[in-house]
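In: this one's sequence-less:
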């Protein structure tokens, strides 16, 4: 493996890692409120599609689209659509007290269906598969920092490795750091964590449990949706593909939450590790087509091992939020 | 300081609800969801929703072949639901049916390729069935054992096991690729049909029906009348009561998940030997997840599962039909399925709770 | 020091449902610079009354005045606004949070979480009153006493100057109790109003200035602690014995059925729940077990049933009816092994639906719980249990739409009949019941008493864990009193008095008490 191959591998790890990181970050926020939302893949689909569609209609009806407007429109649309998915989940599980697992899985079916259905139609409208042109938006998302990205040290493309990405890669890291700060250093974060750990105690302390759960789930969904947006706008350059990659990455995001033991900062390196494990097979010598597939198993196997070791070690900080998946209803008096 | 007023709406748990009323609520939910789906279709196609439902009906039951495909797919969904029923009855979240199906499918496909015509098909079918049962059971026992001994979260564990199984399937697909470069296994034993389900009464899928319906009836009896089924009920209701009665919670957990996984493995066998005659990562195709919803909504009653399975497969087939008629794509099926499930899930609330307006019924 | 009134209650009444009056027109006063003991038996309405001050319940009738002004307390927030803080028996703490995080939780100041400033303020409070607390320690690493400290500091942090402690010593060691009392005295000296809910008389004598007594929801009166003694307080607390007219035949042919020796049990947290308990339950008699809630009653019965692990050296010998020479050792056996050893042991646990019954199943399904293993077949035999269900339904007059109607939806009395009916149907040699009449109406209670007496006359050893002393005195033949996991006495129910049992329950032995 030569230098350029290593750089290539690391770059693809960062790109896929970013998709996963957004998904996981949203799910961490959601799970910290005690809601286990298995609808992450569906939510990422919704975000990815809504961003693409918004850009598409703007660029379609506008001969000279403004990159900033492209950016804002798609960004807002993606966040809102994904948050709406979170709202459906919240309404069903919090207000109507439906089962969390079943509702989440349904959301995955629904979100994936809706996005792929309209994504396919969008393809048709644009004149065939791969014909959607949101060139301006996509280019905006893919803009790198001038100068920095082409920096080299002794021919090693350090700039390209560290900075050769669109802004969403850095936004993901900023989101993770911000979420770490929010969860651990603010009152609202403390309150949120108490809701996921022990809602009865939170309730007794005067915290509005329902409000926190709704907000965390909807905002969390919005953040997860950013993963889908980054994937469609940056990785597949503003097109739509029905190949199920978003779903696979969505489940990896759910796995990453466990792997990161519900800590945003762990999710940063964890997501790049997952990205690396995902692509590693391309660079390991001696692998054939079949053994490559075995290699792709790694992120999941590693997650299972983490899950087992945390349950064996019983270290309290590494456990899932104590009330995760358990609905909370105040006792009727 | 303010006197806090009684809220406008209060929620109270119902003591009990008459069965007809509960069903009326569920049917209302399904009807409501059909209206919403109709609106969705109308918005997309601008077609009269009634005509659309007619088209859907045509898609699912329009010809004998369509009817049989619908039956075959409903049986597949039912089979997985039957497998999940004991686990859910025990309150064990087996989200790993997808992987358990694939393990059964790999075992079946592997044996089918390996043994082929070397032994008679009936013997081969028996061997494949047994091995797929074992493969599925193994996939179920692993998370169950960790749950039983170390209380490892089973929802997340079984979910991850799915993806391990998917990659194992990809590995096998690449290994058994036929023809080279196609990235599929192709139809196994196309010429000899060795290891395929035989036609019964000239129907290719009748054996599927027989196997799955036998399982469904068997599972109903098992859960309701057997000693083991009784233990599952007790463990699912209260682990303390189980201990009080001398039931080993660990043993029951592992045993039940072995059964659950085994039946899902057998579903993989039915899918490969009885339907597609090939293996791919889409052999399970998300049905492991859909079946969770089937089992949950049916409250583990296998006969209600038959109804729900047919409803979902009807929607799927119907949506595919509209999609091809109106030049849309198949994902319409998932959208409609999602809408209907959301409504049914939401309707459970109105079965378990009632809303009380302010001022009515003080006390209790 | 002049004592000013902190809280005044006027005619406070609280009902649960139509029949139960938890508090009946209670009027009393809580003063600053004073520790008031609120004394009463289990179920006398102490906690309910205080819960109305802390915003958990809302009174049906009556008035609450804080500092002379009428107030409405509809939520815990309102209570804090009045300066009232209650420390509940069950701590409301988040395990993975530190002490400081728990203390500031839910406080309505916006923005950044300044745990350093919080820790400083916590230290300040601790130093002032003599608490020992590490603000950065996680709750799951804390002892029960430390958790309680966190709860108290949490209340003080919010500026409460009226503190209510609900049975704070129930979970503490004597040393920890002393430390808590020192802190309470410091707070008193600081002018705070303190209420301690308890039924331990020596603690009342030790820490409080004034005692208010509740009995069966009514306010009996208050006295200055210096003017009273445990005997007088017991009289106020238990009242005069009432006659229940429970039929109690003389025991006959008593033989040992259950011999418990040196039984010691630790719970999962390593707290000693039973301390070398020894006694013998005789066939043909009802052995009552009295004690304050949580004195080890639950652990005792569960240990016999094989649901608790006893420390080494313990022995529980069981002798079946008709096979008195053949003793079976129960220690070291799990419930299934006990059953397989042919032991006919019936057990009516305290948590009926959580431990003894399967709520989602009907009567038939619940009868099956004890007998489903019968026969070698794969399937359960439903004929016998169904017949039994019908018999129980008829004989005990269980009100249920059908024998297949989920027992979870039956009323408390009917649930208990199903459970007791099943257990008696096993033809037991030993029958253990925990709080068998809790929550039942008078008629059902008498049905249960009669059933137990019937069993006794058959030669069964009946163990009756109860809370109502009147019933224990009239139903049982002997009464074993548990106090803090130890046997504080075994008395003859026919000759003892309520006062004597009451004192044994609180470790105050009267001169000349038997045994």
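Out: Structure's in. What do you need? Not measured: the values here are computed from a predicted model.
In: ok, the closest residue to residue A:112 other than its chain neighbours to residue A:84 distance?
Out: The spatially closest residue to residue A:112, leaving aside those adjacent along the chain, is residue A:45, at 4.8 Å (C-beta to C-beta, 6 or more residues apart in numbering or on different chains). Yep, even glycine has a C-beta here, placed from its N, CA and C like the rest. Between residue A:45 and residue A:84 the distance is 12 Å, computed by C-beta to C-beta, to the nearest Å.
In: please say which of these two ends up with more neighbours.
Out: residue A:45 (33 against 19; other C-beta atoms under 10 Å in any protein chain shown).
In: name the helix or strand for the more buried one, please.
Out: In the assignment (DSSP states H and E), residue A:45 maps to helix A:40-60.
In: one more: residue B:317?
Out: Counting by DSSP H and E, residue B:317 is part of helix B:302-325.
In: quick one: average confidence on that helix?
Out: Averaging pLDDT along helix B:302-325 yields 86.
In: got the angle for the helix or strand following that helix vs helix A:40-60?
Out: Downstream of helix B:302-325, the first helix or strand assigned by DSSP H and E is helix B:332-352. Counting by axes from the mean of the first three to the mean of the last three C-alpha atoms, to 10 degrees, helix B:332-352 lies at 130 degrees to helix A:40-60.
In: what are the buried residues along helix B:332-352?
Out: Residues of helix B:332-352 classed as buried by neighbour count (16 or more other C-beta atoms under 10 Å in any protein chain shown): B:332-351.
In: try stretch C:453-471
Out: Buried residues in stretch C:453-471 (16+ other C-beta under 10 Å): C:453, C:455-456, C:458-471.
In: quote the end-to-end distance of it.
Out: End-to-end span of stretch C:453-471 (C-alpha to C-alpha, to the nearest Å): 13 Å.
In: on that earlier part again, so for the helix holding residue A:45, mean pLDDT?
Out: 92.
In: in chain A, what residue is nearest chain C?
Out: Per C-beta to the nearest C-beta, residue A:205 is where chain A lies closest to chain C, at 3.0 Å.
In: any idea how far chain B is from that residue?
Out: The gap separating residue A:205 from chain B is 17 Å, by C-beta to the nearest C-beta, to the nearest Å.
In: next, the contact list for that residue, please.
Out: By C-beta atoms under 8 Å, 6 or more residues apart in numbering or on different chains, the contact set of residue A:205 is A:194, C:76, C:92, C:105-106.
In: give the burial count for residue 30, as a bare number.
Out: All of this refers to chain A. 31.
In: switch to chain B, please.
Out: 14.
In: can I take it that it is in a helix?
Out: Yes. According to DSSP: H, G, I helix; E, B strand; the rest coil, residue B:30 belongs to a helix.
In: confidence score at it?
Out: Value listed for residue B:30 in the pLDDT field: 85.
In: in helices, which of the contacts of residue A:205 fall?
Out: With helices defined by DSSP state H, the entries of the contacts of residue A:205 inside them are A:194, C:76.
In: buried ones among the contacts of residue A:205?
Out: A:194, C:76, C:92, C:105-106.
In: residue in the stretch 101-250 of chain B nearest to chain C?
Out: Closest point on the stretch 101-250 of chain B to chain C, by C-beta to the nearest C-beta, is residue B:246, at 3.4 Å.
In: which residues touch the nearest residue to that residue once chain neighbours are set aside?
Out: Once flanking residues are discounted, residue B:246 sits nearest to residue C:336: 3.4 Å by C-beta to C-beta, 6+ apart. Residue C:336 is in contact with B:246-248, counting by C-beta under 8 Å, 6+ apart.
In: and the gap between residue C:336 and chain A?
Out: Counting by C-beta to the nearest C-beta - residue C:336 and chain A are separated by 27 Å.
In: if we can go back for a sec, could you identify the helix or strand that succeeds the helix holding residue A:45?
Out: By DSSP H and E, the next helix or strand past helix A:40-60 is helix A:67-90.
In: just how off-centre is that next one within its chain?
Out: 13 Å (C-alpha atoms, centre = their mean, to the nearest Å).
In: could you pull out the strands for chain B?
Out: Remark: strands assigned in chain B by DSSP state E are B:9-13, B:353-357.
In: can you tell me which of these has the worst average pLDDT?
Out: Averaging pLDDT over each of the strands of chain B puts strand B:9-13 lowest, since it has a mean of 67.
In: interface residues of chain A facing chain C?
Out: Residues of chain A lying near chain C by C-beta under 8 Å from any C-beta of the partner chain: A:185-187, A:189-191, A:193-194, A:197-198, A:200-202, A:204-207, A:316-317, A:319, A:322, A:333.
In: from those residues, which land in helices?
Out: Per DSSP H, the residues of chain A next to chain C map to helices at A:185, A:187, A:189-191, A:193-194, A:197, A:200-202, A:204.
In: between those residues, identify the one with the most neighbours.
Out: In terms of neighbours by other C-beta under 10 Å, these top out with residue A:194 at 30 neighbours.
In: leaving out sequence neighbours, find the closest residue to it.
Out: Here the residue nearest residue A:194, using C-beta to C-beta, 6+ apart, is residue A:202, at 4.3 Å.
In: right, and the one you found touches residue A:195 too?
Out: Yes. At 4.7 Å, residue A:202 counts as touching residue A:195 under the criterion of C-beta atoms under 8 Å.
In: return every residue with contacts to both of these two.
Out: Contacts common to residue A:202 and residue A:195, judged by C-beta under 8 Å, 6+ apart, are A:209, A:212.
In: give me the neighbour count for residue 316.
Out: All of this refers to chain A. Neighbour tally, residue A:316, other C-beta under 10 Å: 13.
In: please refer instead to chain C.
Out: 21.
In: that one and residue A:263, how far apart?
Out: Counting by C-beta to C-beta - residue C:316 and residue A:263 are separated by 49 Å.
In: could you list the low-pLDDT ranges of chain B?
Out: Low-confidence segments of chain B (pLDDT under 70): B:1-17, B:357-364.
In: with adjacent residues omitted, what lies nearest to residue B:158?
Out: residue B:96 (3.0 Å).
In: please tell me I have it right and the one you found contacts residue B:159.
Out: Yes. Residue B:96 is within contact range of residue B:159, at 6.6 Å (criterion: C-beta under 8 Å).
In: settle it for me: which of these two has more neighbours?
Out: Taking neighbours as other C-beta under 10 Å, residue B:96 and residue B:159 compare with residue B:96 leading, 33 against 29.
In: ok, that one to residue B:249 distance?
Out: 20 Å.
In: what do you get for residue A:226?
Out: For residue A:226, the distance to residue B:249 - C-beta to C-beta - is 43 Å.
In: neighbour-wise, which of these two wins?
Out: residue A:226 (28 against 16).
In: what about that one, which SS state?
Out: Residue A:226 - assigned by three-state DSSP - is helix.
In: now the helix holding residue A:45 against helix A:67-90, angle please.
Out: 150 degrees.
In: report the buried residues of helix A:40-60.
Out: A:40-56, A:58-59.
In: how many neighbours does residue B:174 have?
Out: For residue B:174, the neighbour count with other C-beta under 10 Å is 17.
In: my bad, residue C:439
Out: 14.
In: if you skip the residues just before and after it, what's nearest to it?
Out: Nearest residue to residue C:439, sequence neighbours excluded (C-beta to C-beta, 6+ apart): residue C:412, at 4.3 Å.
In: residue contacts, the one you found?
Out: With contact taken as C-beta under 8 Å, 6+ apart, residue C:412 is in contact with C:352, C:439-440.
In: by pLDDT, give me the weakest of the residues you listed.
Out: residue C:439 (70).
In: coming back round to it: could you pull up phi and psi at the residue nearest to residue B:158?
Out: phi -100, psi 20 (degrees, to the nearest 10).
In: contacts only, for the closest residue to chain A within the stretch 1-150 of chain C.
Out: For the stretch 1-150 of chain C, the residue closest to chain A is residue C:106, as judged by C-beta to the nearest C-beta, at 3.0 Å. Going by C-beta under 8 Å, 6+ apart, residue C:106 touches A:191, A:194, A:202, A:205-207.
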